[in-house]
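A.B. asks: A structural model of the following input is requested.
(chains A and B)
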2 protein chains.
Amino acid sequence: MEIKIVKDILDANERMAQRNRKLFDGNNLFAVDLMSSPGAGKTSLILQTLKNLEGKIKMGVIEGDVSSSLDAEAIGKEGIPVVQINTGGGCHLDANMLSTALDSVPLGELQLLFIENVGNLICPAEFSLGEHRRVLISSIPEGDDKPFKYPLMFNTVDAVLINKIDLLPYLKFDIDAFSRTVKGMNQKVEIFPISCTTGEGIEQWVSWLLSQMKRPV
Amino acid sequence: MEIKIVKDILDANERMAQRNRKLFDGNNLFAVDLMSSPGAGKTSLILQTLKNLEGKIKMGVIEGDVSSSLDAEAIGKEGIPVVQINTGGGCHLDANMLSTALDSVPLGELQLLFIENVGNLICPAEFSLGEHRRVLISSIPEGDDKPFKYPLMFNTVDAVLINKIDLLPYLKFDIDAFSRTVKGMNQKVEIFPISCTTGEGIEQWVSWLLSQMKRPV
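C.D. replies: Okay, the predicted model is just below:
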């Protein structure tokens, strides 16, 4: 009985995700679901990417948080369309929340939409939003053992950004071992070491992102 | 109908949490629910606390992870009782999982039990396990805005440990502002800046922990 209920919820989410996807495709809008632990650098990455693509790509952002609108305010200062979703306790975004937020986004004017998910390595991995690519930020201070502990997340993303590499002199993190582990779990994944503080690696990430926008399917 | 189901689940958890609590009290065992984001330093804190209390307090550990037994292995090397719970996708421990794990713990031989929850700032806050104290680790690299984003967690803990203060020279984090925010949300909370790398602040934390063990209720 319980399993039946869960299945229905997931199916309903999948149907809504497909509706969101059609909406994106109808507007030639490329959507990225950005996920990470709390404080790994999702908002910083969006700001760095925005800086790099300024004048080239029209970008919008949907911010997902349990509470507060701090991230939306930070993004809003850059003068681009941003909508905040507060889940009010929910540990992930779902396709229905996203659908509601999309009503407030000028989809036809944009080419790229970042959806910043709730800071959590578990539940966001289970829910499709209709996005074209799923991107995970894993940061140096979190340690290099996270793929073993949160396998579904690492298994289901298209790219992993290893953020805060400017802290490598002060922390133990074996980038080679981490990358081998992630590639062993998910052969198609792309891995980019970056620092949103120094800007290192951002060009490679943006270049990959642009290449994906050319072949969204 | 949906709300009814959720309420029943929470009630069932509360009943089981009370059973766990009775089991702890019957064995004069003090139980701590240790929560944080992924990689904030839960296992490191347990190892540091163990080192500090060696020969004084008999300690056991229950490790909660979605997947893997890496943390239990790290703790097990220290020669103390440890049990790993793998939630298999679940984003938090619950009182029933803990109850099952307690069958494998020599409760009568121990004075202190650390329950390392799944790395997540959202769902673990909602589920009582029967613990005497709830402790949160918030780490410098996560940033000082986390109380605004995860209010239930910060509202419902007895102590907040600000870990990785050895990284303060390299990162923006206003400990005073953070502490004021947390105290504004939760007046009874104790706050301890610590570093599990250098050992700074561990004595103050352990001293508080021992004082709590003397008056568990």
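A.B. asks: all helices for chain A, in order.
C.D. replies: Listed in chain order, the helices of chain A (DSSP state H) span A:2-26, A:42-53, A:70-76, A:95-102, A:146-149, A:151-155, A:175-185, A:202-214.
A.B. asks: who does the longest one touch, helix- and strand-wise?
C.D. replies: If I follow you right, that is helix A:2-26. strand A:30-36, helix A:95-102 (3 or more CB pairs under 8 Å, 6 or more residues apart in numbering or on different chains; DSSP states H and E). Every C-beta, even on glycine, is put in place using the N, C-alpha and C of the backbone.
A.B. asks: looking at the ones you listed, which one is packed in the most?
C.D. replies: Of the helices and strands packed on helix A:2-26, the one with the most neighbours on average (mean count of other CB atoms under 10 Å in any protein chain shown) is strand A:30-36, at a mean of 26.
A.B. asks: does chain B have contacts with that strand?
C.D. replies: No: on the criterion CB under 8 Å from any CB of the partner chain, strand A:30-36 is out of touch with chain B, staying 9.2 Å away.
A.B. asks: who are the packing partners of that strand?
C.D. replies: Here strand A:30-36 touches helix A:2-26, helix A:42-53, strand A:112-116, strand A:133-139, helix A:202-214, going by 3+ CB pairs under 8 Å, 6+ apart.
A.B. asks: if we can go back for a sec, most neighbours per residue, which of the helices of chain A?
C.D. replies: helix A:146-149 (a mean of 22).
A.B. asks: distance from the chain centre to that one, please.
C.D. replies: Distance, stretch centre to chain centre, for helix A:146-149: 18 Å (CA atoms, centre = their mean, to the nearest Å).
A.B. asks: hmm, that helix in reach of chain B?
C.D. replies: Yes: contact of helix A:146-149 with chain B (CB under 8 Å from any CB) involves A:K146, A:F148, A:K149.
A.B. asks: residues of chain A that sit close to chain B?
C.D. replies: Residues of chain A lying near chain B by CB under 8 Å from any CB: A:5, A:37-39, A:65-68, A:70, A:89-91, A:118-123, A:126, A:139, A:141-143, A:145-146, A:148-152, A:164, A:166-167, A:170-171.
A.B. asks: need the helix or strand of chain A with the lowest average pLDDT.
C.D. replies: helix A:2-26 (a mean of 84; mean pLDDT, DSSP states H and E).
A.B. asks: which residues touch the nearest residue to A:D33 once chain neighbours are set aside?
C.D. replies: Nearest non-adjacent residue to A:D33, counting by CB to CB, 6 or more residues apart in numbering or on different chains: A:E131, 3.9 Å away. Counting by CB atoms under 8 Å, 6 or more residues apart in numbering or on different chains, A:E131 touches A:R21, A:A31, A:V32, A:D33, A:I115.
A.B. asks: what does A:P141 give?
C.D. replies: A:P141 neighbours (CB under 8 Å, 6+ apart): A:K164, A:L167, A:L171, B:G39, B:S139, B:P141, B:K164, B:L167.
A.B. asks: quick one on the thing from earlier: JSON lines please, covering the residues of helix A:146-149 next to chain B and showing distance to A:M16.
C.D. replies: Output for these, formatted as JSON lines (distance: CB to CB, whole Å):
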{"residue": "A:K146", "distance to A:M16": "29"}
{"residue": "A:F148", "distance to A:M16": "32"}
{"residue": "A:K149", "distance to A:M16": "29"}
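A.B. asks: any stretches of chain A with poor pLDDT?
C.D. replies: A:1-7, A:9 (pLDDT under 70).
A.B. asks: try 50
C.D. replies: Applying pLDDT under 50 to chain A flags the ranges A:1.
A.B. asks: now the residue nearest the centre of it, which residues is it bridged with?
C.D. replies: Centroid-nearest residue in chain A: A:L34, 0.5 Å away (criterion: CA atoms, centre = their mean). A:L34 has these beta-bridge partners by DSSP bridges: A:E116, A:V135.
A.B. asks: for it, give me its contacts.
C.D. replies: The contact partners of A:L34, by CB under 8 Å, 6+ apart, come to A:K42, A:L45, A:I46, A:F114, A:I115, A:E116, A:N117, A:V135, A:I137.
A.B. asks: so the third one sits against A:E116, correct?
C.D. replies: Yes: counting by CB atoms under 8 Å, A:I46 does reach A:E116; the two are 6.5 Å apart.
A.B. asks: which other residues reach the least confident helix or strand of chain A?
C.D. replies: So helix A:2-26 is contacted by A:30-31, A:94-96, A:98-99, A:102, A:107, A:113, A:126-132, A:216, B:5 (CB under 8 Å, 6+ apart).
A.B. asks: just want the angle from that helix to helix B:2-26.
C.D. replies: Between helix A:2-26 and helix B:2-26, the angle comes out at 120 degrees (axes from the mean of the first three to the mean of the last three CA atoms, to 10 degrees).
A.B. asks: tell me how many other residues crowd A:K188.
C.D. replies: The tally of other residues near A:K188 (other CB atoms under 10 Å in any protein chain shown) stands at 8.
A.B. asks: which residue packs closest to it, ignoring adjacent ones?
C.D. replies: Nearest residue to A:K188 in three dimensions, chain neighbours excluded: A:D158, at 7.1 Å (CB to CB, 6+ apart).
A.B. asks: what of A:G64?
C.D. replies: A:L93 (4.4 Å).
A.B. asks: that neighbour and A:G130 touch, don't they?
C.D. replies: No: the pair A:L93 and A:G130 does not pass the contact test of CB under 8 Å, sitting 10.8 Å apart.
A.B. asks: okay, now the nearest residue to A:L210 once chain neighbours are set aside: neighbour count?
C.D. replies: Sequence neighbours aside, A:I57 is the residue nearest to A:L210 in space, at 7.7 Å (criterion: CB to CB, 6+ apart). Using other CB under 10 Å, A:I57 has 17 other residues around it.
A.B. asks: all good on my end, thank you.
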